[in-house]
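Novice: from the sequence below, what's the structure:
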Amino acid sequence: MSIDVHADLAVRGVRVPMPVRRPAGAGPSDDGHVLIDGRNAALPVNPASPYTVREGRVWLGETDTGLTLDVVRRPKFYDLVTADGVRYEQIARLHGKDVLATTVVQTCIRYAEDQRCRFCTIEESLRAGATVAAKTPAQLAEVAEAAVRLDGITQMVMTTGTTTGTDRGARNLMRSVQAVLEAVPGLPIQVQIEPPGDLQVIDDLYTAGAATIGIHVESLDDEVRRRWMPGKGSVPMAEYEDAWDRAVAVFGRNRVSTYLLIGLGEDPDELVAGAAALIDRGVYPFVVPFRPMAGTLARRDGITAPAPSLVRDVSERVARLLREAGMSGADQKAGCAACGACGVLQAAGG
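Specialist: I've put the predicted structure just below:
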């Protein structure tokens, strides 16, 4: 029953107030943050969900699912403000119980409607005033130090909107990593980038101190990529393959990951076969259900989340491949696979 419930919760969400939420931003998830059986989980906050929480346990109607659920509390560092008047919460946010996450540049050259990823709202949170357009290395270092000291943060994730430079924003992440590690030596940091035009940038990110790297493709099907990510999908798959191979050579096997979204219309068998090829490369395929955020083109057009049965099927098959290869998200030092909250791979044994 457990994996069925995990997959169902990931799509249908739960009826419980959640102080820590991520209502918009880069990536595919509009969720609240909880712990299920002590493990990070990002679930839709859904007043129509059949799941409720009573005395710390998850119930489906009158059935006790056997899962515990604890709400992630508002972190102390959210109450602080920088010397120049920016709220810490606008610079970086808590994900799960112990992950600090930031979008270093909150704008993207691919955000025009004819180029935009249909699942992404990177600039909507900026328009709502929930964040600032560009976070400086000094600001990120200040917030990271406070988050570790006050709230026990154990890892950090840095992503970025795509910029006009050939590095597509990666070198800015390099400076940010260096600044944070000067303030908090030893903090594991994942950087997330598009394939850079110059692969030397990947080496430079590692030298700067990044522990892991995410190079997120979202789909391995070129037709799906063109339909869902017309701007990002114009980057040839060969560039992703070259970047993954270089990253594995530099960071190591199971220190490189990529998002694969369930529910974009890709054939499930082909998705799993693609995940197997990534595993053979040493890349961790973080399969995650697509969930339409408010403000996305997908939500506007009425596209819905995938069936929980599909999420379970794909996640279980990919988890089995990961176990056979000796790869675990929990073994990564930082990043989405290490956190695991947005998918059910960890619950499936991956």
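
Novice: which residues does stretch 219-234 contact?
Specialist: 109-110, 112, 114-119, 162, 194, 217-218, 237, 260-261, 264-267, 270-271, 274, 298 (Cβ atoms under 8 Å, 6 or more residues apart in numbering). Bear in mind the C-beta positions are built from the backbone N, C-alpha and C, glycine included.

Novice: quick one: end-to-end length of it, please.
Specialist: 13 Å (Cα to Cα, to the nearest Å).

Novice: relative to the whole chain's centre, how far out is that stretch?
Specialist: Relative to the centre of its chain, stretch 219-234 is centred 19 Å away, using Cα atoms, centre = their mean, to the nearest Å.

Novice: buried ones in it?
Specialist: Neighbour counts over stretch 219-234 (16 or more other Cβ atoms under 10 Å) mark Ser219, Leu220, Asp221, Val224, Arg225, Trp228, Met229, Pro230, Gly231, Lys232, Gly233 as buried.

Novice: for Leu220, see how far away the last one is.
Specialist: From Gly233 over to Leu220 the distance is 11 Å, taken as Cβ to Cβ, to the nearest Å.

Novice: which outside residues touch the longest helix anywhere in the chain?
Specialist: In the chain, assigned by DSSP state H, the helix with the most residues is helix 308-325. The contact list for helix 308-325, computed with Cβ under 8 Å, 6+ apart, reads 3-4, 6-8, 10-12, 262-263, 268, 271-272, 275-276, 279-280, 284-285, 287, 289, 328-329, 343-345, 347-350.

Novice: list buried residues within those.
Specialist: 3, 6-8, 10-12, 262-263, 271-272, 275-276, 279, 284-285, 287, 289, 328-329, 343-345, 347-348, 350.

Novice: for the chain, name the helix or strand with the lowest mean pLDDT.
Specialist: Within the chain, no helix or strand scores below strand 21-22, which has a mean of 71 by mean pLDDT, DSSP states H and E.

Novice: now Pro55: how far from Gly350?
Specialist: Rather than Pro, residue 55 is Glu. Glu55 is 30 Å from Gly350, by Cβ to Cβ.

Novice: tell me if Leu35 really is in a strand.
Specialist: Yes - note on Leu35: a strand contains this position according to DSSP: H, G, I helix; E, B strand; the rest coil.

Novice: and stretch 286-305, what's buried?
Specialist: Those would be 286-293, 295-299, 303, 305, for stretch 286-305 by 16+ other Cβ under 10 Å.

Novice: residues touching Val217, list them.
Specialist: Per Cβ under 8 Å, 6+ apart, neighbours of Val217: Arg225, Met237, Tyr240, Thr258, Tyr259, Leu260.

Novice: mind checking the end-to-end distance for stretch 111-123?
Specialist: Stretch 111-123 end-to-end distance (Cα to Cα) = 8 Å.

Novice: phi, psi for the nearest residue to Phe290 once chain neighbours are set aside please.
Specialist: Excluding the flanking residues, the one nearest Phe290 by Cβ to Cβ, 6 or more residues apart in numbering is Gly263, at 3.8 Å. Note on Gly263: backbone dihedrals following degrees, to the nearest 10 are phi 110, psi 10.

Novice: same question for the one 4 residues further on.
Specialist: For Asp267, the backbone dihedrals are phi -60, psi 130 (criterion: degrees, to the nearest 10).

Novice: need the pLDDT of it.
Specialist: Here the pLDDT value assigned to Asp267 is 97.

Novice: ok, Gly295 next?
Specialist: On the pLDDT scale, Gly295 gets 89.

Novice: correct me, but it touches Ile122?
Specialist: No - in this structure Gly295 lies outside contact range of Ile122 using Cβ atoms under 8 Å: 10.1 Å.

Novice: helix, strand or coil for Ala147?
Specialist: The three-state assignment at Ala147 reads helix, by three-state DSSP.

Novice: what residue ranges in the stretch 1-150 of the chain score low on pLDDT?
Specialist: Applying pLDDT under 70 to the stretch 1-150 of the chain flags the ranges 1, 22-30.

Novice: again, 90 this time
Specialist: Applying pLDDT under 90 to the stretch 1-150 of the chain flags the ranges 1-2, 17-32, 45-46, 83-84, 124-126, 128-130.

Novice: can you give me the helices in it?
Specialist: For the stretch 1-150 of the chain, applying DSSP state H, counting those that start in this stretch gives helices covering 2-12, 88-91, 124-127, 137-151.

Novice: quick one: buried residues of the longest one?
Specialist: Read that as helix 137-151. Those would be Pro137, Gln139, Leu140, Ala141, Glu142, Val143, Ala144, Glu145, Ala146, Ala147, Val148, Asp151, for helix 137-151 by 16+ other Cβ under 10 Å.

Novice: so can I have CSV of these showing distance to Ala101?
Specialist: Formatted as CSV, those follow (distance: Cβ to Cβ, whole Å):
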residue, distance to Ala101
Pro137, 16
Gln139, 14
Leu140, 11
Ala141, 15
Glu142, 16
Val143, 11
Ala144, 11
Glu145, 16
Ala146, 15
Ala147, 10
Val148, 14
Asp151, 13
